[in-house]
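Undergrad: Dropping the sequence and predicted coords here.
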Amino acid sequence: MAEIVPAEDSSHRGLRTPGRPLATSRTVGHVRLPFDSEKVPLTLVQVVRPFLRVANQIEADSPRAAYLCRFHAFERAHTTDPKSNGRGVRQFKTALLKRLQQDEGATKHTRRESSDAKELKYLFYKYDHILKHARVAPSESREQLINAYTISSVLREVLKAVLSGTDAEMLADIEDGIYVPYNILPLDPGGSQQAIMQLPEIKASIAAIRNVCGLPLTEGHRKAGASMDLLDWLQHWFGFQKGNVANQREHLVLLLANLHVRLIPKPASMSKLDDRALSGLMEKMFENYINWCTFVGRKSNIQLPYIKQEEQQYKLLCIGLYLLIWGEASNLRFMPECLCYIFHHMVNELSGMLCGAISLNTGVKVAPAYGGESESFLKNIVTPLYMVIYEEAQKNNKGTADHSTWRNYDDLNEYFWSTDCFKLGWPMRLQCDFFCTLSSKPQKSINLQSITNEGHEQKWLGKMNFVEIRSFLQLFRSFDRMWLFFILAYQV
């Protein structure tokens, strides 16, 4: 029997990689048995147990992939506790190393592909195909799909470790995640069997947002196949984040289902989304936007189609677009009129795309000004506006600076209450005064008197239109209700 080599300290020698064979001792007639994945030291349970369990599950299908999973588990265990200080860690690592010595040579001849990476990739895509097939025709049980998710995630991590620094193209190919996390509604392929997904109002809402008939599609949309819905379509065109789309999809389904089930009188069919529920949500969602359009003297860009059958789809697209803007707006949520400005232009682009309008500036079909790239909404719209907020906040000197020297949320939002906000244009011109801020450091060479010299127009530097100047009268304005209460109380 060959000598068992104990785990070495990582400070003296690096771990072996699958490309360098371990010192092996071949046993004639060796039969591979499952490695006990449950007898794991408590300090290593979360680190290695998933890999050992998956190795046992896939060993019959691919012994080499099972070996690579165990090898990765050994590497993680050694990285977590290189000196084997934990209780039972040294015994566990010794037993696992012995198993790796037995399997290293024997499994190498059993792989289907020419390399370990290709063997793992073959098995990874096998389970990935199961998941993609379930999205189109969900026939597998949820337990089977959860098992497929688990195996796929483990294989992907092992494959990334094997490919690290060697094959960037293959590594990028597997980066596209297959996870479908959720909060309340399991909208993944196997979730249709859950009790909440059997509710008629939930089914009606999901069916409504999955109606993508007649929408202009790109190559990216065609790859999505039957699993695409209206929010996926908006994501492809406007560049929203995947996590935001997943959250707002669930948000929209629950909003529609709640309104649908509370309708009085009840709909004739609960399995079809009632127009009253959608119209009610539209009124609540866009009340502030309509008021904003009226105030600034602009016509609303929400234009319902003439064809009745397309009306529901258009309403859902508008609601979905606003929810996606709101979900990714971060601190811009404190500036609701700023969101109205963003939505005003984006819904105009949406309407132009749906009707196939031609842009007067470019002479081609209307397309989103900031679309075409992943996370383009965050990078090109939210980030520039957020940086203005951030730079202004740095000028408040920890709350001690005068209010007239910096712009807070209200000041910035007031800018979008005037028609001057349309000077920003779309795409937004970052050289506009709105995006210009002064440094918080005092400048000796600049004073107000020199700025307001005769023959020059008075101009605020870094302060747009609305300057909040407070005096002692602000005490009465801020607490007007309290003063009114005192007056009435004394009168009584």
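TA: Here it is on my side, so go on.
Undergrad: Report the rounded mean pLDDT for stretch 364-384.
TA: Taken as a whole, stretch 364-384 has a mean pLDDT of 88.
Undergrad: Please export the C-alpha coordinates of it as CSV.
TA: Extracted as CSV, the C-alpha positions of stretch 364-384 are listed here (Å, rounded to 0.1, in the frame of the first residue of the first chain):
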residue,chain,number,x,y,z
VAL,A,364,-33.8,55.2,-39.1
LYS,A,365,-36.3,53.5,-36.9
VAL,A,366,-36.7,54.8,-33.4
ALA,A,367,-34.6,53.0,-30.8
PRO,A,368,-33.7,53.7,-27.2
ALA,A,369,-31.0,56.4,-26.8
TYR,A,370,-29.3,54.4,-24.1
GLY,A,371,-30.2,50.9,-25.1
GLY,A,372,-28.1,48.1,-26.6
GLU,A,373,-25.7,47.5,-23.8
SER,A,374,-25.9,45.5,-20.5
GLU,A,375,-26.8,47.8,-17.5
SER,A,376,-26.8,50.8,-19.8
PHE,A,377,-29.7,52.4,-17.8
LEU,A,378,-27.6,52.4,-14.6
LYS,A,379,-24.4,53.6,-16.3
ASN,A,380,-25.8,56.3,-18.5
ILE,A,381,-28.9,57.7,-16.7
VAL,A,382,-28.8,56.9,-13.0
THR,A,383,-25.1,57.3,-12.4
PRO,A,384,-24.7,60.9,-13.8
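Undergrad: Residue 41: neighbouring residues, count only.
TA: Counted by other Cβ atoms under 10 Å, the residues lying close to residue 41 total 20. The C-beta positions use only the backbone N, C-alpha and C, and glycine is treated the same way.
Undergrad: which residues sit in contact with it?
TA: By Cβ atoms under 8 Å, 6 or more residues apart in numbering, residue 41 lies in contact with 86-89, 92.
Undergrad: Max pairwise distance over those residues: which two?
TA: For the contacts of residue 41, the maximum inter-member distance is 9.9 Å, found between 87 and 92 (Cβ to Cβ).
Undergrad: Those two - which one has more neighbours?
TA: Using other Cβ under 10 Å, the more surrounded residue of residue 87 and residue 92 is residue 92, with 23 against 11.
Undergrad: Skipping its backbone neighbours, what lies nearest the more buried one in space?
TA: Distances taken as Cβ to Cβ, 6 or more residues apart in numbering put residue 41 closest to residue 92, at 5.4 Å, once the chain neighbours are dropped.
Undergrad: Quickly note the distance from the one you found to residue 66.
TA: 21 Å (Cβ to Cβ, to the nearest Å).
Undergrad: now residue 399
TA: Computed as Cβ to Cβ, the residue 399 to residue 66 distance reads 60 Å.
Undergrad: After the helix or strand of the chain with the lowest mean pLDDT, which helix or strand is next? Please name it.
TA: When each helix and strand of the chain is scored by mean pLDDT, DSSP states H and E, helix 448-451 comes last, with a mean of 42. Moving toward the C-terminus from helix 448-451, the next helix or strand (DSSP states H and E) is helix 474-478.
Undergrad: Now residue 365. Its backbone dihedrals?
TA: Here the main-chain torsion angles of residue 365 (degrees, to the nearest 10) amount to phi -60, psi 150.
Undergrad: so what's it up against?
TA: Residues counted as contacts of residue 365 (Cβ under 8 Å, 6+ apart) are 353, 356-359.
Undergrad: let's see it at 10 Å
TA: By Cβ atoms under 10 Å, 6 or more residues apart in numbering, the residues touching residue 365 are 216, 352-353, 355-359.
Undergrad: so which of those residues would you say is closest to residue 327?
TA: Proximity of those to residue 327 (Cβ to Cβ) peaks at residue 353, which lies at 20.9 Å.
Undergrad: how far away is residue 197 from residue 130?
TA: Counting by Cβ to Cβ - residue 197 and residue 130 are separated by 20 Å.
Undergrad: try residue 280
TA: Counting by Cβ to Cβ, the gap from residue 280 to residue 130 is 41 Å.
Undergrad: try residue 158
TA: As judged by Cβ to Cβ, residue 158 and residue 130 stand 18 Å apart.
Undergrad: quick revisit: between residue 399 and residue 66, which one's more packed in?
TA: Comparing residue 399 with residue 66 by neighbour count (other Cβ under 10 Å), the higher total belongs to residue 66, at 26 against 5.
Undergrad: For that one, grab phi and psi.
TA: Dihedral angles (degrees, to the nearest 10) for residue 66: phi -60, psi -40.
Undergrad: Now do the contacts for it.
TA: Going by Cβ under 10 Å, 6+ apart, the list of residues near residue 66 reads 32, 34-35, 51-52, 54-60, 103, 107, 110, 123.
Undergrad: Can you tell me which of the contacts of residue 365 are classed as buried?
TA: Among the contacts of residue 365, those classed as buried by 16 or more other Cβ atoms under 10 Å are 352-353.
Undergrad: Which ones among the contacts of residue 365 lie within strands?
TA: Nothing among the contacts of residue 365 maps onto strands, per DSSP state E.
Undergrad: Including pLDDT, could the contacts of residue 365 go into JSON lines?
TA: Output for these, formatted as JSON lines (pLDDT from 0 to 100):
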{"residue": "216", "pLDDT": "86"}
{"residue": "352", "pLDDT": "91"}
{"residue": "353", "pLDDT": "91"}
{"residue": "355", "pLDDT": "87"}
{"residue": "356", "pLDDT": "83"}
{"residue": "357", "pLDDT": "80"}
{"residue": "358", "pLDDT": "81"}
{"residue": "359", "pLDDT": "76"}
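Undergrad: Now for the contacts of residue 365: which two are most distant?
TA: By the measure Cβ to Cβ, 216 and 359 form the most distant pair in these, at 14.5 Å.
Undergrad: one step back: looking at residue 197 and residue 130, which is more packed in?
TA: Taking neighbours as other Cβ under 10 Å, residue 197 and residue 130 compare with residue 130 leading, 18 against 15.
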